[in-house]
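# Provide a 3D model corresponding to the input given below.
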Amino acid sequence: MQAKKTGYFLITLLLLSGLICSVGASTTTVSFRGGGVTIDLTFPEEAHPNTTVTHNVTITAHTDLSLQSFTLFIYAPVNATWQEVKNRTISWDFYENETLTSRIEFQLPQDTNGTLYCEMTVQTDQTAEASSYKFYTTRISELTFS
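Residues are numbered from 1 along each chain as shown. Below you'll find the model as predicted:
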């Protein structure tokens, strides 16, 4: 009986520790639609200075089209000024319902403090002008506990 109680206690402890560890790994996805494509950008909710951050972009075509240009600029607040930390441009010919996923990794500067700012433009052969989106992503702050 004592061994059974100990086993249940250890299983409960493992489950709770798994929940606590996964809290820091939460991500957010924002979606945009225009020009015959849907763009999903997934990013971590928070990160720390001097670490590597990953943003994943998924582009899905709703018809056969040419993605003439997808551009993403990511800026970080460093010492009270905006510093470009990453830019990525993608061009691609799509078939209907085809999906392209790109992993965008970048190193944060040591003195980053605040929320990352993104500017994204999309131009396809389905639109006369590029669509532009501006938004904030990951919150960057110093570790409060080690």
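
# so which residues of this structure form helices?
2-23 (DSSP state H).

# okay, which residue is most central for it?
F43 (2.1 Å; CA atoms, centre = their mean).

# dump the residue contacts of it.
F43 makes contact with 27-29, 53-56, 116, 137-138, according to CB atoms under 8 Å, 6 or more residues apart in numbering. To be clear about C-beta, it is placed using only N, CA and C from the backbone, and glycine gets the same treatment.

# ok, 6 Å please
F43 makes contact with 55, 137-138, according to CB atoms under 6 Å, 6 or more residues apart in numbering.

# how about these in JSON lines, adding pLDDT and distance to Q110?
Converted to JSON lines, the contacts of F43 look like this (pLDDT from 0 to 100; distance: CB to CB, whole Å):
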{"residue": "H55", "pLDDT": "96", "distance to Q110": "20"}
{"residue": "T137", "pLDDT": "95", "distance to Q110": "19"}
{"residue": "T138", "pLDDT": "96", "distance to Q110": "16"}
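
# is it possible to get TSV of these that adds distance to L100 and neighbour count?
Below are these laid out as TSV (distance: CB to CB, whole Å; neighbours: other CB atoms under 10 Å):
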residue	distance to L100	neighbour count
H55	15	22
T137	20	20
T138	22	22
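
# out of those, which comes closest to N97?
Distance to N97, by CB to CB, is smallest for H55 among the contacts of F43, at 23.4 Å.

# for that closest one, list each beta-bridge partner.
I104 (DSSP bridges).

# if the residue nearest to the centre of the chain is in a bridge, with which residues?
According to DSSP bridges, beta-bridge pairing links F43 with T28.

# just M120 next, same as before
L72, Y133.

# how many other residues sit next to it?
21 (other CB atoms under 10 Å).

# with F70 instead?
23.

# surely it is in contact with V122?
Yes. Contact criterion CB atoms under 6 Å: F70 and V122 qualify, at 5.4 Å.

# correct me, but L116 touches T137?
Yes. Using CB under 6 Å as the test, L116 is close enough to T137 to be in contact (4.7 Å).

# for this protein, give me the ranges with low pLDDT.
Within the chain, the ranges that satisfy pLDDT under 70 run 1-25, 144-146.
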